[in-house]
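J.: Sequence and predicted structure are below.
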Amino acid sequence: MTHFSDRVERISISGIRKVFEAASEDAINLGLGQPDFPAPAHARQAAIEAIESGEADGYTENKGLLSLREAIAEKHHRDQGVDLDPDNVIATAGGSEALHLAIEAHVNEGDEVIIPDPGFVSYDALTKLAGGEPVPVPLRDDLTLDPAAVEEAITEDTAAFIVNSPGNPTGAVSPPEDMEEFARIADKHDVLCISDEVYEYTVFEGEHRSPIEFAETDNVVVVNSASKLFSMTGWRLGWVYGSSRRVERMVRVHQYVQACASAPAQFAAEAALTGPQDRIDEMTETFRERRDIVVDGLEDIGLRVPSPKGAFYAMPEVPEGFVDECLDRGVIIVPGEAFGEHGEGYARLSYATDTESLKEAIAIMHQAYDAVI
Ligand SMILES: Cc1ncc(COP(=O)(O)O)c(C=O)c1O
């Protein structure tokens with residue numbers, strides 16, 4: 001008798017969780033992947049009104065409320081000039097479900113999915129759950145994904161490659177010419193490019209462009225989410241968009257695993273997308289200031305760190321024993337290998353925490369460094 005599926009036995013609880021569990025309760029947590037800002041007041045208010053009026057009591061359309069999908073289409077038109085039919089959007093339970101739909105709908109048993117290494121933990125796990133084979137590709141020294149490395153990794157078994165800019169765990173932002181290359185590669189090799197753009201609004205240097213702006217075929221699908229754009233991680237509202245034939249396949253999966261995204265969250269996200277956007281600049285500015293504090297602090301310690309151009313993570317190269325020493329001293333950071341084999345020798349720290357805690361954490365990291373070196 002089979003007790004557990006082979007697919008589920010191929011994955012395990014993420015290394016990030018394990019670090020949290022090992023840390024003491026009063027530790028300074030630089031491991032968290034969520035902005036430390038409240039959700040926009042108008043988003044909360046819209047959910048409250050929808051709940052009180054009863055509008056949020058029932059299922060919505062599988063793809064989500066039309067008004068939400070129109071707001072998402074308008075957002076991508078405004079920000080990327082993408083002409084998007086609201087029918088080609090699915091509102092999901094966060095970017096996480098959006099990634100799951102994209103992979104589940106396009107990856108066959110044994111198919112290869114090229115993923116950045118180090119990269120976001122879900123790419124490897126979701127590929128394995130779909131029966132596919134993750135093909136990790138090491139990053140450049142500046143921690144961006146090299147289109148040439150992706151192209152080289154393509155075989156006849158490749159179903160998809162994943163691009164994530166601004167990147168987790170790296171904070172790297174791919175330049176527009178790389179995004180154009182990713183689109184060309186997807187077109188030329190007829191493989192799907194899954195572009196994970198959940199940190200789109202947090203860019204300090206350079207600009208965010210999407211491969212979908214450049215693609216000539218429908219070989220790009222885009223994943224995005226209210227989680228990091230609007231500091232709404234707990235609302236669990238994301239989306240995926242692409243051509244109608246791809247969306248039609250993804251909605252088949254969505255229909256059975258989710259039915260529809262949570263209705264109150266849909267109302268909240270719609271308000272976040274259509275309401276005042278000033279919070280975004282405020283958050284980005286705050287993250288930029290913290291980025292500078294963190295990069296200066298790490299360099300003072302003597303660590304090499306590619307300066308992050310976006311998101312809210314830094315990924316310094318660290319000596320052996322450094323992560324454990326930080327954990328013992330009460331600063332939670334995540335070992336690079338939690339994000340893939342090539343993350344070894346690095347650590348990820350998130351600066352989605354207040355300036356004072358960051359400065360305190362850096363002082364402790366300095367002591368940890370001196371202790372292991
Ligand atoms: C790169 C990346 N993609 C997707 C997600 C999923 O985000 P959510 O499901 O909260 O929208 C995360 C969350 O940390 C992430 O870092």
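T.: Yep, that arrived.
J.: The closest residue to residue 68 other than its chain neighbours in helix, strand or coil?
T.: Excluding the flanking residues, the one nearest residue 68 by CB to CB, 6 or more residues apart in numbering is residue 270, at 4.3 Å. For the C-beta atoms, the positions are set from N, CA and C on the backbone; glycine is no exception. In three-state terms, and counting by DSSP: H, G, I helix; E, B strand; the rest coil, residue 270 is helix.
J.: So what pairs up with residue 29 in the strands?
T.: residue 332 (DSSP bridges).
J.: got a list of what it touches?
T.: Shown in contact with residue 29 (CB atoms under 8 Å, 6 or more residues apart in numbering): 20, 23, 332, 353.
J.: how about the first one, what does it touch?
T.: In other words, residue 20. Taking CB under 8 Å, 6+ apart, we find residue 20 in contact with 29, 31, 332.
J.: Need the per-residue pLDDT for it.
T.: As predicted, residue 20 sits at a pLDDT of 77.
J.: how about the residues of the stretch 51-200 of the chain that lie near the ligand?
T.: Proximity of the stretch 51-200 of the chain to the ligand, by CB under 6 Å from any ligand atom, involves residues 94-96, 120, 164, 168, 196, 198.
J.: Kindly apply the preceding question to the stretch 201-350 of the chain instead.
T.: So the stretch 201-350 of the chain meets the ligand at 225, 227, 233, 238 (CB under 6 Å from any ligand atom).
J.: For residue 136, give the beta-bridge partners.
T.: residue 115.
J.: doesn't residue 115 make contact with it?
T.: Yes - using CB atoms under 8 Å, residue 136 is in contact with residue 115, at 5.7 Å.
J.: before we move on, the earlier item: got the residues of the stretch 51-200 of the chain next to the ligand as TSV, with pLDDT and secondary structure columns?
T.: As requested, these are exported to TSV (pLDDT from 0 to 100; DSSP: H, G, I helix; E, B strand; the rest coil):
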residue	pLDDT	secondary structure
94	98	helix
95	98	helix
96	98	helix
120	97	coil
164	98	strand
168	98	coil
196	98	strand
198	98	coil
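J.: As JSON lines, those residues with neighbour count would be great.
T.: Output for these, formatted as JSON lines (neighbours: other CB atoms under 10 Å):
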{"residue": "94", "neighbour count": "23"}
{"residue": "95", "neighbour count": "27"}
{"residue": "96", "neighbour count": "17"}
{"residue": "120", "neighbour count": "25"}
{"residue": "164", "neighbour count": "25"}
{"residue": "168", "neighbour count": "26"}
{"residue": "196", "neighbour count": "28"}
{"residue": "198", "neighbour count": "25"}
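J.: still on that earlier bit, out of the contacts of residue 20, who's nearest the ligand?
T.: residue 31 (11.4 Å; CB to the nearest ligand atom).
J.: before we move on, which element is the closest one in?
T.: Counting by DSSP states H and E, no helix or strand carries residue 31.
J.: so it sits right up against residue 347, yeah?
T.: No - using CB under 8 Å, residue 31 is not in contact with residue 347; the gap is 9.9 Å.
J.: Between the two, which is the more surrounded one?
T.: Between residue 31 and residue 347, residue 347 has the larger neighbour count (other CB atoms under 10 Å), namely 26 against 23.
J.: list the contacts for the residue of the stretch 1-150 of the chain found nearest the ligand?
T.: The nearest approach of the stretch 1-150 of the chain to the ligand comes at residue 94, 2.7 Å away (CB to the nearest ligand atom). By CB under 8 Å, 6+ apart, the contact set of residue 94 is 225, 227, 233, 236-238.
J.: cool, residue 103 as well?
T.: Per CB under 8 Å, 6+ apart, neighbours of residue 103: 113, 126-127, 129-130, 132, 160, 194.
J.: buried stuff in stretch 194-202?
T.: 194-202 (16 or more other CB atoms under 10 Å).
J.: I meant stretch 82-92, not that one.
T.: Buried, per 16+ other CB under 10 Å, within stretch 82-92: 84, 86, 88-92.
J.: got the CA positions of it in CSV?
T.: Output in CSV follows, covering the C-alpha atoms of stretch 82-92 (Å, rounded to 0.1, in the frame of the first residue of the first chain):
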residue,chain,number,x,y,z
VAL,A,82,0.6,45.7,-21.7
ASP,A,83,-2.7,45.4,-23.4
LEU,A,84,-4.4,42.8,-21.3
ASP,A,85,-7.9,41.4,-21.6
PRO,A,86,-9.4,41.0,-18.1
ASP,A,87,-10.6,37.6,-19.3
ASN,A,88,-7.0,36.5,-19.4
VAL,A,89,-6.4,37.1,-15.7
ILE,A,90,-6.9,34.7,-12.9
ALA,A,91,-7.1,36.0,-9.3
THR,A,92,-5.3,33.5,-7.1
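J.: Outside of that stretch itself, list whatever touches it.
T.: 60, 62-66, 68-70, 72-73, 76-77, 98, 101, 210, 212-213, 237-244, 247, 250-251, 254, 258, 260-261, 266, 269.
J.: Mind doing that once more with 7 Å?
T.: Applying CB atoms under 7 Å, 6 or more residues apart in numbering, the contact partners of stretch 82-92 are 63-64, 66, 68-70, 72-73, 76-77, 98, 101, 212-213, 237-244, 247, 250-251, 254, 258, 261, 266.
J.: Sort out for me which of the residues you listed are in helices.
T.: Under the assignment DSSP state H, the contacts of stretch 82-92 contribute 66, 68-70, 72-73, 76-77, 98, 101, 244, 247, 250-251, 254, 266 to helices.
J.: before we move on, the earlier item: residue 136 and residue 115 - which one has more neighbours?
T.: Neighbour comparison, residue 136 and residue 115: the larger count goes to residue 115, with 27 against 20 (by other CB under 10 Å).
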